[in-house]
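*Asks:* Can you look at this prediction? I've put the sequence above it.
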Amino acid sequence: MATPSHRRSLRKRRTLVVSAAAVAAAGLGASFLVMNANADSVDLYHQALAAKDGWASSGTGTTGGAKADAAHTFTVSTRAQLVKALGSASDTTPRIIKVNGTIDANTDDAGKKLTCADYAAGTGYSLSAYLKAFDPATYGRSKLPSGTQETARAAAQSKQAKNIVFKVPANTTVVGVPGTKAGITGGMLQIQSVDNVVVRNLTFAATEDCFPQWDPTDGDDGNWNSNYDSVTLRGATHVWADHNTFTDAPHLDSANPKYYGREYQIHDGALDITKGSDLVTVSRNQFTNHDKTMLIGSSDTDSVGKLRVSIHHNVWKGIVQRAPLARIGQIHIYNNYYDVTTLNGYATQYSINSRAKAQVVAQNNYWKLPSGGKVAKLLSGDGTGSVAGSGNLVNGTVTDVVAAYNAASSKDLKTTVNWTPTLTAELESSAKNLPTSLATTTGAGVLK
């Protein structure tokens with residue numbers, strides 16, 4: 001039997017609201033409501049992560065802006081309002097930011113739409129000039145671009161960054177208002193070197209870099225690399241990302257042109273957890289229509305003893321790779337649903353990659369594998385990472401996905417880890433029903 005959940009169900013939440021209305025209609029005192037409310041009966045905006053719900057519940061737990069006073073509770077519907085509500089990234093005063101509707105990050109303070117041409121204006125950058133300057137046939141492939149056009153590209157990229165990167169302070173909850181299609185289009189939430197942040201009930205879409213950089217030294221043929229994740233954690237601690245939706249839409253990778261024979265990639269990560277970030281719970285999100293989705297650890301020398309992340313009850317559909325790619329840390333991946341059917345041109349390369357001595361426990365996940373798909377391609381690694389666990393299903397059948405990978409790979413995944421998950425209040429003992437249950441309980445717009 002599944003372990004009882006510490007999170008209040010949607011049914012219980014609705015019951016509480018109805019009870020409150022009934023109390024008011026009957027003319028009864030507030031004490032009646034308090035006496036009959038559950039101890040965890042907290043409204044959406046003040047809700048904290050439940051006890052033992054993954055790594056973010058460790059130690060002091062994750063409460064976000066639950067202690068915010070009225071002066072630090074904001075409702076925002078424009079980019080300018082969001083910037084004002086966030087305030088200084090160094091201000092640790094608890095705050096709640098309610099996002100009402102969809103905020104377009106590519107707008108100015110007056111709400112006027114900004115384009116890539118607006119960011120490039122005055123910098124001297126043009127794509128055609130850039131392509132001419134760094135054509136491998138004349139520039140070569142041995143060094144990164146440098147010179148007038150690269151300087152101009154960086155300046156244009158910096159102008160865009162100043163507009164679309166939103167720096168989140170410590171002790172902050174950013175949450176979508178139910179029923180408003182709340183979200184951020186074209187922007188990046190940057191949670192950097194701060195503690196105690198909650199991000200919930202938001203759709204993050206179309207996070208796009210107008211000015212990708214050409215790197216002829218990246219791989220055998222070079223690559224175009226972009227600069228923005230929808231949500232990025234850098235040296236952040238105690239972060240809870242819950243009931244969000246991440247997507248490239250409406251501009252999918254299939255629409256990207258090719259230059260120098262390589263895809264002009266304008267998307268980076270969806271939710272990246274890097275540079276010594278620690279104590280993170282990622283729950284009940286939907287990740288769809290994206291390539292490089294979740295990176296845990298920015299390099300093989302990131303931060304030993306950190307990068308502890310719990311990933312549970314998420315839906316991954318139309319994801320090419322990094323679901324997640326994990327380095328170094330202790331990562332618990334459980335009760336997730338992976339549909340690896342090609343979607344809108346996004347064809348899965350692998351789901352989970354354990355490398356750089358990562359200690360991954362993958363437990364009770366469900367993979368939907370299309371006809372002709374290979375179980376051996378669900379995982380990946382560099383020969384130093386570990387994946388332990390059990391109860392994983394492929395098309396409803398218990399499958400040892402690690403054994404399948406190792407049988408086909410020259411760089412085996414290790415099958416033992418140096419830790420045992422204990423913060424597992426949400427762990428379900430079977431993955432059997434995940435395709436059905438997660439279809440209606442994950443992503444933005446579900447919370448009420």
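*Replies:* All right, it came through fine.
*Asks:* Surely V177 touches K98?
*Replies:* Yes: counting by CB atoms under 8 Å, V177 does reach K98; the two are 5.2 Å apart. No exception for glycine: its C-beta is placed from N, CA and C like everyone else's.
*Asks:* Report the set of residues contacting both of the two.
*Replies:* T75 (CB atoms under 8 Å, 6 or more residues apart in numbering).
*Asks:* Give me the buried positions along stretch 385-395.
*Replies:* Buried residues in stretch 385-395, defined by neighbour count with 16 or more other CB atoms under 10 Å: 385-389, 391-394.
*Asks:* again with stretch 112-122
*Replies:* 114, 116, 118-120.
*Asks:* Now tabulate those in CSV and tack on secondary structure, pLDDT and distance to H312.
*Replies:* What follows is the buried residues of stretch 112-122, written out as CSV (DSSP: H, G, I helix; E, B strand; the rest coil; pLDDT from 0 to 100; distance: CB to CB, whole Å):
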residue, secondary structure, pLDDT, distance to H312
L114, coil, 98, 37
C116, helix, 98, 37
D118, helix, 98, 41
Y119, helix, 98, 38
A120, helix, 98, 42
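*Asks:* chain center to stretch 240-258, what's the gap?
*Replies:* Distance, stretch centre to chain centre, for stretch 240-258: 11 Å (CA atoms, centre = their mean, to the nearest Å).
*Asks:* do stretch 267-283 as well
*Replies:* With CA atoms, centre = their mean, you get 6 Å for stretch 267-283.
*Asks:* For it, measure first residue to last.
*Replies:* For stretch 267-283, the first-to-last residue distance is 23 Å (CA to CA, to the nearest Å).
*Asks:* Next: stretch 315-331.
*Replies:* Stretch 315-331 end-to-end distance (CA to CA) = 17 Å.
*Asks:* So what's the gap between it and the chain middle?
*Replies:* Distance, centroid of stretch 315-331 to centroid of chain: 10 Å (CA atoms, centre = their mean).
*Asks:* follow-up on the earlier one: widest-spaced pair of the buried residues of stretch 112-122?
*Replies:* The span of the buried residues of stretch 112-122, defined through CB to CB, is set by L114 and A120 at 10.8 Å.
*Asks:* list the residues that contact both of those two?
*Replies:* With CB under 8 Å, 6+ apart, L114 and A120 have no common neighbours.
*Asks:* Contacts only, for F166.
*Replies:* 82-83, 86, 105, 184, 187-190.
*Asks:* So which of the residues you listed belong to strands?
*Replies:* Judged by DSSP state E, the subset of the contacts of F166 located in strands is 184, 188-190.
*Asks:* Secondary structure and pLDDT for the buried residues of stretch 385-395 - can I get that in CSV?
*Replies:* Below are the buried residues of stretch 385-395 laid out as CSV (DSSP: H, G, I helix; E, B strand; the rest coil; pLDDT from 0 to 100):
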residue, secondary structure, pLDDT
G385, coil, 98
S386, strand, 98
V387, strand, 98
A388, strand, 98
G389, coil, 90
G391, coil, 98
N392, coil, 98
L393, strand, 98
V394, strand, 98
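*Asks:* tell me the two of these that are most distant?
*Replies:* G385 and L393 (22.1 Å).
*Asks:* Can you classify K162 by secondary structure?
*Replies:* For K162, the assignment made with DSSP: H, G, I helix; E, B strand; the rest coil gives helix.
*Asks:* repeat for A376
*Replies:* With three-state DSSP as the basis, A376 sits in helix.
*Asks:* where exactly do the helices run in this structure?
*Replies:* Secondary structure of the chain (DSSP state H): helices at 10-26, 30-36, 79-86, 116-120, 127-133, 136-139, 148-164, 401-408, 434-437.
*Asks:* lowest-confidence stretch among the ones you listed?
*Replies:* Mean pLDDT across these is lowest at helix 30-36; the value there is a mean of 30.
*Asks:* Counting neighbours, what do you get for the closest residue to G345 other than its chain neighbours?
*Replies:* Nearest residue to G345, sequence neighbours excluded (CB to CB, 6 or more residues apart in numbering): S254, at 3.7 Å. Using other CB atoms under 10 Å, S254 has 11 neighbouring residues.
*Asks:* Touching, S254 and N344? I think so.
*Replies:* Yes: using CB under 8 Å, S254 is in contact with N344, at 6.4 Å.
*Asks:* And for stretch 372-381, what's in contact with it?
*Replies:* Defining contact as CB under 8 Å, 6+ apart, one finds that stretch 372-381 is touched by 321, 338, 340, 348-355, 367, 369, 387, 394, 399, 401-402, 404-405, 407-409, 411-413.
*Asks:* Give the buried residues for that stretch.
*Replies:* So stretch 372-381, judged by 16+ other CB under 10 Å, has buried residues 373, 375-381.
*Asks:* repeat for stretch 292-306
*Replies:* So stretch 292-306, judged by 16+ other CB under 10 Å, has buried residues 292-298, 302-303, 306.
*Asks:* okay, how far is it across it, tip to tip?
*Replies:* Note: stretch 292-306 ends 22 Å apart using CA to CA.
*Asks:* any chance of the buried residues of stretch 112-122 in CSV, with distance to T440 too?
*Replies:* Converted to CSV, those look like this (distance: CB to CB, whole Å):
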residue, distance to T440
L114, 36
C116, 37
D118, 40
Y119, 39
A120, 43
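*Asks:* from the residues you listed, which single one is nearest E263?
*Replies:* Nearest member of those to E263, counting by CB to CB, is C116, at 17.4 Å.
*Asks:* how about stretch 257-272: buried residues?
*Replies:* Within stretch 257-272, the residues scored as buried using 16+ other CB under 10 Å are 259-260, 262, 264-272.
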